[in-house]
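In: Predicted model, plus sequence, below.
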2 protein chains.
Amino acid sequence: MKNTSASPAPVRTRDPERTKGQILEAALSEFATNGYDGAKVHQIAKSAGCNARLIYHYFDNKERLYAAALRKIYSDIREREAELNLDALPPEQAVKQLTETTFDFFENNTAFLSITRSENLLGGRFISQMPEIQKMSAPFLDKISDALKRGHAEGVFRAGIDVLQLYVSIVALSAHHINASHTLSATFGRDISSVAWRQERRAHVVEMIQNAVALRESTA
Amino acid sequence: MKNTSASPAPVRTRDPERTKGQILEAALSEFATNGYDGAKVHQIAKSAGCNARLIYHYFDNKERLYAAALRKIYSDIREREAELNLDALPPEQAVKQLTETTFDFFENNTAFLSITRSENLLGGRFISQMPEIQKMSAPFLDKISDALKRGHAEGVFRAGIDVLQLYVSIVALSAHHINASHTLSATFGRDISSVAWRQERRAHVVEMIQNAVALRESTA
DNA sequence: CTCTTAAGTAAATCAAAATTGAATTATTTT
DNA sequence: AAAATAATTCAATTTTGATTTACTTAAGAG
């Protein structure tokens, strides 16, 4: 027998872990799409298929939810980076591999770029509070550094390449056209986000990075 | 004699042009700092030193104010680009000049990058409505294209360089570390926004672009 | 100098969105 | 199986922020 008035049959089965996970997923997507201020708590709840009150139950408030989303997306990256095995490859291949992987990663993880963009708009308010993020990236730079040293020892790379500059460049070349796809497309009247253009870009970026590290005969 | 109750002495002298200008300036700065949703109409008014009602008087609503700010910042760029005289320089110098000017422009016009970032977050909603922006950029690409052709003819640049890819790369290399300064700094534990690092970066970017266009002896 | 217009102000209003209160069970514990 | 816990819901409440109403008055036109 149904209740006379109050309870309209709560369908949702209880599962805190699942719920937390769904909220986090939804938050990630909403923050990525709309930025921090643009994302609405109720919309996140809806997209997570749960009641908005649960967001406060599990994450206290919008700010902490955002922080959790930010932390999660960085830990996803950490995993990818760890997978990358540069030591096994000859230096030239290693740099190529690194470039391609980075390029493809951004292409397939728009959310990372979007969240990052949002976080920079907020002045790094949250990421600066997460010391764990830095610790995970140092070893990655070391890997790249090794490849550069090997390349120089083998006489195929030039000397004195700054790893951080190089890596920032790889990221810049791989990310900017995604971050700025709308304004670039509007400015130059070309569809920057088309598959064709992106394929061209991939080749262009790989070549630029190769030229950046390769020894130039004339200089040698 | 002072009024008994109503008017608490309106200090502001009347000057519609000045007021409009101040509002636009303030809007630019607030939208750049906080993004579209993050910027508050009352704060813009305060920062413009005027009453919030005037924003509606002159710009109708927040959206149109934002559109006006966007239009203004692009027209500022248009001017800079027009000033750049690449034809007068030998091709190698022209490309160097272009790179340095672009790099310096972004460094000194953080607002442009911020507004652009915000606009991309909005999915290009406003810029796609401004056909005038595209028209101004085409001739600029032509200029660069000319320099590349001259360079190839003189035997100092390689063949088949895609102008748009190259220019997007110059912008990417010059802008990304500014757009992402907070997240990059936090990730790598280095102050990406320090003067020292940016000077290093400038040299690095110029060199990368030179390597990208220069004929490589080994290939030739 | 008067009249009209529009620049400017202060204080609502209205709606959206974040956050919270209070009640209702499902599930676990004892 | 009763009691305790905490997952979940619905419906406020409170906050914030965009927009508007109503009024005042400076400045220019005749």
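Out: It's in.
In: Give the burial count for residue A:134, as a bare number.
Out: The number of residues packed near residue A:134 is 16, by other CB atoms under 10 Å in any protein chain shown. Glycine gets a C-beta too; all of them are placed from N, C-alpha and C.
In: That one touches residue B:188, doesn't it?
Out: Yes. Counting by CB atoms under 8 Å, residue A:134 touches residue B:188, with 7.0 Å between them.
In: okay, the residue lying closest to residue A:215 once chain neighbours are set aside: pLDDT?
Out: Leaving out its chain neighbours, the residue that sits closest to residue A:215 by CB to CB, 6 or more residues apart in numbering or on different chains is residue A:158, at 4.9 Å. Reported pLDDT at residue A:158 in the predicted model: 97.
In: Can you list phi and psi of residue A:158 for me?
Out: Main-chain dihedrals, residue A:158, degrees, to the nearest 10: phi -80, psi 170.
In: can you give me the angle the helix or strand hosting residue A:31 makes with helix B:16-38?
Out: Assigned by DSSP states H and E, residue A:31 falls within helix A:16-38. Counting by axes from the mean of the first three to the mean of the last three CA atoms, to 10 degrees, helix A:16-38 lies at 170 degrees to helix B:16-38.
In: any residue of helix A:16-38 up close to DNA strand C?
Out: No. Under the criterion of CB under 7 Å from any atom of the strand, DNA strand C is not reached by helix A:16-38; the shortest gap measures 7.5 Å.
In: Go ahead and flag the most central residue of chain A.
Out: Nearest to the geometric centre of chain A sits residue A:112, at 2.9 Å (CA atoms, centre = their mean).
In: Surely it is in contact with residue A:80?
Out: No. The pair residue A:112 and residue A:80 does not pass the contact test of CB under 8 Å, sitting 9.9 Å apart.
In: Between these two, which contacts overlap?
Out: Residues touching both residue A:112 and residue A:80 by CB atoms under 8 Å, 6 or more residues apart in numbering or on different chains: residue A:105.
In: Could you report the neighbour count for the residue nearest to residue A:58 when sequence neighbours are not counted?
Out: Spatial nearest neighbour of residue A:58, excluding adjacent residues (CB to CB, 6+ apart): residue A:20 at 5.2 Å. Counted with other CB under 10 Å, the neighbours of residue A:20 add up to 18.
In: Tell me the pLDDT of residue A:20.
Out: Note for residue A:20: predicted pLDDT of 98.
In: if I look at it, how far off is residue B:170?
Out: 44 Å (CB to CB, to the nearest Å).
In: Identify the residues contacting residue A:92.
Out: A:151, A:156, A:210, A:214.
In: and the angle for the helix or strand harbouring the third one with helix B:195-213?
Out: Using DSSP H and E, residue A:210 sits within helix A:195-213. Relative orientation of helix A:195-213 versus helix B:195-213 (the same axes, to 10 degrees): 110 degrees.
In: Is helix A:195-213 positioned near chain B?
Out: Yes. Among the residues of helix A:195-213, A:200, A:201, A:204, A:205, A:207, A:208, A:211, A:212 lie within reach of chain B under CB under 8 Å from any CB of the partner chain.
In: if you go through chain A in chain order, where are the helices?
Out: A:16-38, A:41-48, A:52-59, A:62-83, A:91-108, A:110-121, A:131-153, A:163-179, A:181-188, A:195-213 (DSSP state H).
In: Turn the ones you listed into TSV, columns for distance to residue B:44.
Out: Output for these, formatted as TSV (distance: least, CB to CB, whole Å):
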stretch	distance to residue B:44
helix A:16-38	15
helix A:41-48	25
helix A:52-59	30
helix A:62-83	23
helix A:91-108	34
helix A:110-121	17
helix A:131-153	33
helix A:163-179	25
helix A:181-188	22
helix A:195-213	37
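In: Which one of these lies nearest to residue B:86?
Out: Smallest distance to residue B:86 across the helices of chain A (CB to CB): 17.5 Å, for helix A:181-188.
In: So what touches the closest one?
Out: Here helix A:181-188 makes contact (CB under 8 Å, 6+ apart) with A:177, A:191-193, B:116, B:119-120, B:123-124, B:127-128, B:130, B:133-134, B:137-138, B:141, B:164, B:168.
In: for it, the distance to its chain's centre please.
Out: 21 Å (CA atoms, centre = their mean, to the nearest Å).
In: Tell me what angle the helix holding residue A:31 forms with helix A:62-83.
Out: Using the same axes, to 10 degrees: helix A:16-38 against helix A:62-83 is 110 degrees.
In: So for helix A:16-38, what gets flagged as buried?
Out: Of the residues in helix A:16-38, A:19-20, A:22-24, A:26-38 count as buried by neighbour count, 16 or more other CB atoms under 10 Å in any protein chain shown.
In: How about stretch A:108-126?
Out: For stretch A:108-126, burial by neighbour count (16+ other CB under 10 Å) applies to A:109, A:111-122, A:124, A:126.
In: what distance separates that stretch from the centre of its chain?
Out: Here the centre of stretch A:108-126 is set off from its chain's centre by 8 Å, with CA atoms, centre = their mean.
In: what's next to that stretch, contact-wise?
Out: Here stretch A:108-126 makes contact (CB under 8 Å, 6+ apart) with A:28-29, A:31-33, A:35-36, A:63, A:66-67, A:69-70, A:73, A:76-77, A:105-106, A:127, A:175, A:178-179, B:34-35, B:38, B:114, B:117-118, B:120-121, B:179-183, B:185-186.
In: That one near DNA strand C anywhere?
Out: No. Counting by CB under 7 Å from any atom of the strand, DNA strand C has no neighbours in stretch A:108-126; the shortest distance is 13.4 Å.
In: Most neighbours among the contacts of residue A:92, please name it.
Out: residue A:151 (22 neighbours).
In: Can you name the residues of chain A that neighbour DNA strand D?
Out: So chain A meets DNA strand D at A:8, A:10-16, A:19, A:50-54, A:57 (CB under 7 Å from any atom of the strand).
In: need the contact list for residue A:157.
Out: Contacts of residue A:157 (CB under 8 Å, 6+ apart): A:91, A:148, A:151, A:213, A:214, A:215.
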